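# give me the fold of what follows.
(chains A, B and C, ligands or ions: 6)
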Amino acid sequence: MKMSSLKAIGFRAVRSLVTLLLCVTLVFVILRAAGDPSEELLPPETPPDIRQEYRVQWGLDRPIVVQYLNFLSRVARGDLGESFASDLPATELVMRAIPKTILLGGSAFLLATLIGMSLGVTAALRHGTAVDRSLIAAAVLGYSMPVFFLGILLILVFALQLRVLPSSGSSSPVHLILPTITLALPLAGRVARFARTATLEVMGKPFIRTARAKGLGQLAVILGHALPNAMVPLLMFFGIEIGLILSGAVVTETIFAWPGLGRLLVDSVNMRDLPVVQAVILMITLIIVLSNLFVDILHALLDPKVSLARTLGGAG
Amino acid sequence: MRGSITLEELTVSFNGVRVLHGIDLAIGPGETLGLVGESGSGKSVTWLAALGLLPPKAKVSGRVMLNDRNLLDMPDSKLTGIRGGRIAMIFQDPVSALNPMLTVKRQIGETLALHRGLSGAAIKAEAKRLLDLVGIPDAERRLNAYPHEFSGGQNQRVMIAMALAGQPDLLVADEPTTALDVTIQAQILDLLALTQRETGMALVLISHDLGVVSQVCDRVAVMYAGRIVEEAPVERLFEHPAHPYSQGLMGSLPAIDGPRRRLTAIGGTVPDASSLPAGCSFAPRCAFAETQCHEQIPLLAGIGRDHSVACLVSEAQPSAAIRYSRQKEQRIEA
Amino acid sequence: MSASLLHARNIARSYELNRHIWGNASVVHAVSDVTLSVGRNETLGIVGESGSGKSTTGRLLLGLESPTRGSISFDGRPLPVIGSPEWRKSRTRMQMIYQDPLAALDRRLPIAKQMREPLDIHQAGNLQERETRVSELLRAVGLSDAVARRYPHELSGGQRQRVVLARALVTRPDLLVCDEPVSALDVSIQAQVVNLLSDLQAELGLAMIFISHDLRVVRQVSHRIAVMYLGRIVEEGEADDLFARPAHPYTRALVSAAPVPGTKLGGRIMLRGEPPNPANQPSGCAFHPRCSAAVARCKSEMPALAELGGGRKVSCHLAGSPSENQADPSPARTRVPLNPVEAASEDVA
Ligand SMILES: Nc1ncnc2c1ncn2[C@@H]1O[C@H](COP(=O)(O)OP(=O)(O)OP(=O)(O)O)[C@@H](O)[C@H]1O
Ligand SMILES: Nc1ncnc2c1ncn2[C@@H]1O[C@H](COP(=O)(O)OP(=O)(O)O)[C@@H](O)[C@H]1O
Ligand code: SF4
Ligand code: SF4
Ligand SMILES: [Mg+2]
Ligand SMILES: [Mg+2]
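Ligands and ions are numbered 1, 2, ... in the order given. Presented below is the predicted three-dimensional model:
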C-alpha cells in the first residue's frame, strides 16, 4: 500500500521532470533556431572580429550538442547569464520579480474564486430562473472582456476620473487593487461558468437524492455531498487556469507598471535582453509545471479511487 | 409508537403534464405492500412526491398523512426529520446512489447523528453493528471503505444499513434488486424480508416483476399510467386477477417449471403521459374494451374482501385471461 | 440431434489487465475450455451470473474476437480470420443482438434506411427488391410501414428491439446470437419480443444462441441450455429437464433463486457470497467456496464435464453418484416435453 502511493507520487514527479526538460529544450531550440544569437544581439555595424570574440565568449562557436549540454548545466545551476541592460544576473532580476507576480496572481486568484464560486453555485441552485440567466450574462461579460480593455477602463474611471486609486506602481497595498481586479474579473467569469456546470452536474446525481432522502438539509447536502464531488473537476480546472493567469499577468503588469515577471518579460523583449527573456520563460514554465504537479498530488489525495488517497487517508 | 401512512388523492404534474392522477394508498404498521407496473407508470414518482424529493418544477397536490399530519403542508425544515427517520427510501442502482467520495461509515453515520443523536464512538459501534446485520463480512475493517470497493450487491446492503440506521416506520425500496444478479437478488430480498420481520417496520417494495413482489409482500397494488388499477392480497391477485392489465402482466411472465406455454404479451406500449387516451387509459391495449371504456374513466371499487379494481367491464373472469391472450395474439398478428 | 451448424471445441479467451503503470499485468480468464454446438432450428441458452463469461463466449462464437485457444467451425469450415474478405462475407450469415437497442441503432438514420444498409453494402438485388425485403421484415416483427420512416429515438424500447431484430434478419443469417436481448425491457414488452424470437426461429430455421441471466426467459426460448460459472460450462442439458432436475449444485441454486410468482421466499437454497472474480480463480472446483455440498476433494481437484446420459453433462464430483441423486433436496418437478415428437425421439435414445 505504502509502496503504491510512493510510486504514484514518484510517477507524477518524474512526469513533471520530463515536461520541464522538454520545455527547456524547446526554449533552447527556439532561441537558437531564430538564428545566430550574436546577429540578433549585437548592433549590425559590429566588426566581424569583435563579433567573433563575443561568440567565443558566449560559447556560440562550439558544436550545437555541446552548447545544448552547457545550456542544460547552466539552467540546472540557475546561471542564466547577465542581463545586457543592467549587468545584474538574469536570475536575480527574475527572483526580484517573482514575489510581485505571486502577490498579484494570488490575490486575483483568491478574489476570482470567491466571486466565481459563489455566483456559479448560486446560479446552479436557481437553475432556469431570472437569477440564473442574469448571472450567466454577467459571467459571459466577465470572461469575454479583453484584459487590456478592462485595465484601461478601470484606470480611466478610478484613477483619472474619480482619482481614488493609483494607476501604476507597487509601493503600497492600495496599488494592488486595480491590477487585481483587472486580472480577477475575467477569471471570475470563467470560474462562475465552470462552478455552475459542475454544481448542476453533481446536484443531478442519484447520491444527492439519497442524501436528501436521509433527511439532510440543503446546506448539509451541498457542503457535505456535492462539494467533495465537485472538488476534483474544480482542481483540474484550476490547474489549467494557472497558465491563463500568468498570461493575463503579462498584460496587466504592463498596463499598471507592476514590476512582476510579466512586465520584466515585456521589457526584456523590447530591449532584446536575451538572458532575461530566457530566464523569465523558464521560470514561468517552472511555475506552471510545479503547480500542475501540486494539483495532481492533491487530486490523488482527494479522490478515493486513486490508491494514494487510501493510504494517506487511512493513516490520518 | 408507529403510525400508518396514507396517501390521499396524490397527484403530480411536470410542466403541466399530469403523471399521477390521484393515488390512494394506505400502509399500516408492519405491513408489506408491493407496487408493480411498467416503466413510467408512476411508481417512483409516487414515493418521491410523498417525501418531497421531486425537483421544484413538479406540482404536487393531495395529502400524505402520517399521524394526522400532512407531509405536503410541512416546511422543508420539518420534513427533514421525517425523511430517513420515519420514512426511509432506497433506490435502484446502489452504486450511483451512494456518494463515491465518502466512506460508508460517514454515510451511515450521518443518519445516526441526524435521527438518533449519536456521535463519535457510538456512531462507529452502531455503524459496525448495522453492517454486520446486513451481512457485510469483516464489518469493522470495512467501515472506512468507499463504495467503489464494494460489489453491487454489497452496496445495496450498505444502502439498506443506511436506511435501517434511522429506525424508520416505513422503508420504501424502489427496485432494489433490478440491477443485480439473480443470486444476489435473492439474497437482498431475503435480507429485506428478514429485517422487516425483525424490526416490525412497514415495507413498500417497488418492482416491475410480479415474481419479486410476491416473494416478500402481503398485498400488491398494480399501477398503470399514473393510477392504481388493482389492489389485492398477493394470493388473491394471483388466483383471481380482475383487471385485464394485471392479467396481462401475469401472462407475460414465463414460468421456470411446468409445461411451456406461449406468453400472453400485452400488445402496444404504455401511452405517453402527455397524450393519454380518453376514458380508461388501458383501453387501446385492452381486449375487453367496450364503447363506454373510451368515454368514462373507471374508478377503483371494491369487488371482494380487500380487493379493489378499476375496470368498467367489472370482474373480467379469471378464465378470461386465456380468452384475452387469444384475442390479443390475433390482434397483433392482424 | 441434427448435424450442428456451429461447433466450438475447447475454446478459451483470456485478457491481460494492466492495473498499474509499474505493476505486473494480471491475466483474466474470461472463458476457459468451452465446448458447445448448435444446429439449425435449435436454440441454445446460456445462463450464469455476471462475469461468468456469457458475452465473451457469444463474441467468440460469432467470430468478433478470436479465441486464445481452441477452434470454432461454422457450417463445416473453420471461422475465417478476423478482418479477412471471407470474414467480412461471413458477417451476413451470422448476426448479433445486444441488450441496448438504442446503442445498436444509428440515431441519424431513419429505420428503413438503416435496415437496408447491410443489403446496400453487399449489393443484394436492386433497390426495389431491397425495399420490399425491408418492409417484409418490418411486418414480420409486427411493425407498420409508418415506423420505417421514423428515427430510433422516436420508438419505444420494445419497438427498437424489434427493429434491431428485423435488421439482423435482413441478410437471411443462419445464426443469431442474442446477448441479453430483453433484459432492459419491461415484462410485458419482454413477452412480445420473446414470442417474436421463438416464432421467427421456428419459421426461418435459424440456429440461435440466447444469452441471459434470467432463467425463466431462457427456458422459454431454448431447446438446450448451458450453465456457465467462471468461464466454464458446469452443466448442460435439455431445457425443461435441466431446470426440473438440476444436477449441479450451482444450477440448483440458480433455479431456486429465480423469483416465481405467488411463492414466498421460504425454503430456498440461498447461494452465499458474491459472483466470483475471474481474475482470481479458486483452486479445484471453481464453485467450491460457495458450494454447500463441497467435500475435501473439491478444493484440490477440478471436476470434468461428464456425460450423464439423456444429453445431460455435469461438472461436479458428486453428480451422477447414485447416493447424491437420492439425497437431492430439490423437489423433482415433473417434466413436460416440448412436443410429442421430441418425447418419442428421446424414448428411443
Ligand atoms: N423530473 C421529471 N420531469 C418530467 N417528467 C418526469 C420526471 N420524473 C418522472 N417523470 C414522468 O413521470 C412519470 C412516472 O415516472 P416514474 O419514474 O414514477 O415511473 P416508474 O413507474 O417508477 O417507472 P420505472 O419502472 O421506469 O422506474 C413518467 O411519465 C415520467 O416520464
Ligand atoms: N475486453 C476485455 N478486457 C478485459 N476483461 C474482459 C474483457 N471482456 C470481458 N472481460 C472480463 O471477462 C469476464 C467475463 O465477462 P463477460 O463475458 O462479459 O461476462 P457475462 O456476459 O457473463 O457477464 C469479466 O470478468 C469481464 O470483466
Ligand atoms: S375499463 Fe374497459 S378498457 Fe379499461 S381495463 Fe376495463 S375493460 Fe379494459
Ligand atoms: S465439485 Fe464439489 S464444490 Fe464443485 S459443485 Fe460439485 S460438490 Fe460443489
Ligand atoms: Mg422508477
Ligand atoms: Mg454480459
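# give the contact list for whichever residue of the stretch 101-250 of chain C sits closest to ligand 3.
Relative to ligand 3, the nearest point of the stretch 101-250 of chain C is residue C:188 (14.1 Å; C-beta to the nearest ligand atom). Using the backbone N, CA and C atoms, a C-beta is placed for each residue, glycine as well. Shown in contact with residue C:188 (C-beta atoms under 8 Å, 6 or more residues apart in numbering or on different chains): B:38, B:248, B:249, B:252, B:265, B:266.
# tell me the SS of it?
Of the three states, residue C:188 takes helix under DSSP: H, G, I helix; E, B strand; the rest coil.
# between the contacts of residue C:188, which sits nearest chain A?
Distances from chain A to those, taken as C-beta to the nearest C-beta, are shortest for residue B:38 (21.3 Å).
# now do the residue nearest to that closest one when sequence neighbours are not counted against residue C:158, distance only.
The shortest distance from residue B:38 to any non-neighbouring residue, by C-beta to C-beta, 6 or more residues apart in numbering or on different chains, is to residue C:186 (4.5 Å). According to C-beta to C-beta, to the nearest Å, residue C:186 stands 8 Å off from residue C:158.
# repeat for residue B:21
The value you get for residue B:21 to residue C:158, if C-beta to C-beta is used, is 24 Å.
# so those two - more neighbours on which side?
Counted by other C-beta atoms under 10 Å in any protein chain shown, residue B:21 and residue C:158 do not tie: residue C:158 has more neighbours, with 23 against 19.
# centre of the chain to the helix or strand hosting that one, how far?
For residue C:158, the enclosing helix or strand under DSSP states H and E is helix C:157-169. Helix C:157-169 sits 18 Å away from the centroid of its parent chain (C-alpha atoms, centre = their mean, to the nearest Å).
# helix, strand or coil for residue B:220?
Following three-state DSSP, residue B:220 is assigned to strand.
# ok, now residue A:132?
Judged by three-state DSSP, the three-state class of residue A:132 is helix.
# tell me how far it lies from residue A:209.
From residue A:132 across to residue A:209, the span is 21 Å (C-beta to C-beta).
# so which of these two has more stuff around it?
Neighbours per residue, other C-beta under 10 Å: of residue A:132 and residue A:209, the larger number sits with residue A:209, 21 against 17.
# A helix includes that one, no?
Yes - remark: residue A:209 belongs to a helix, assigned using three-state DSSP.
# my read: it touches residue B:91, true?
Yes - counting by C-beta atoms under 8 Å, residue A:209 touches residue B:91, with 7.1 Å between them.
# give the residues shared as contacts by those two.
Taking C-beta under 8 Å, 6+ apart as the contact rule, residue A:209 and residue B:91 both touch residue B:97.
# one step back: please report phi then psi for the residue nearest to residue B:38.
phi -60, psi 150 (degrees, to the nearest 10).
# and it, what is it in contact with?
Taking C-beta under 8 Å, 6+ apart, we find residue C:186 in contact with B:38, B:39, B:208, B:270, C:157, C:158.
# and if you look at residue A:220?
residue A:211.
# try it again at 7 Å.
Residues in contact with residue A:220 (C-beta atoms under 7 Å, 6 or more residues apart in numbering or on different chains): none are found.
# same check, this time on residue A:139
Here residue A:139 is in contact with A:119, A:189, A:192, A:193 (criterion: C-beta under 7 Å, 6+ apart).
# just residue A:145 next, same as before
A:185, A:186.
# how close does it get to ligand 4?
72 Å (C-beta to the nearest ligand atom, to the nearest Å).
# which SSE is residue B:313 in?
Of the helices and strands defined by DSSP H and E, none includes residue B:313.
# before we move on, the earlier item: how close does the residue nearest to residue B:38 get to residue C:210?
With the distance defined as C-beta to C-beta, residue C:186 ends up 19 Å from residue C:210.
# same check on residue C:238?
Residue C:238 is 15 Å from residue C:210, by C-beta to C-beta.
# okay, the two: which has more neighbours?
Taking other C-beta under 10 Å, residue C:238 and residue C:210 do not tie; residue C:210 has more neighbours (29 against 20).
# the more buried one contacts residue C:221, correct?
Yes - Residue C:210 lies in contact with residue C:221 (C-beta atoms under 7 Å); the separation is 5.2 Å.
# got any residues that touch both of these two?
Taking C-beta under 7 Å, 6+ apart as the criterion, residue C:210 and residue C:221 both touch C:43, C:45.
# in the stretch 1-150 of chain C, which spans are helices?
Using DSSP state H, counting those that start in this stretch, the helices of the stretch 1-150 of chain C run over residues C:54-61, C:85-90, C:101-104, C:111-121, C:127-140, C:145-148.
# and the lengthiest helix in chain B, how far out from the chain's middle?
The longest helix of chain B (DSSP state H) is helix B:182-199. Put simply, helix B:182-199 sits 15 Å off its chain's centre (C-alpha atoms, centre = their mean).
# and it, what does it pack against?
If you count contacts as 3 or more C-beta pairs under 7 Å, 6 or more residues apart in numbering or on different chains; DSSP states H and E, helix B:182-199 packs onto helix B:152-165, helix B:210-216, helix C:249-257.
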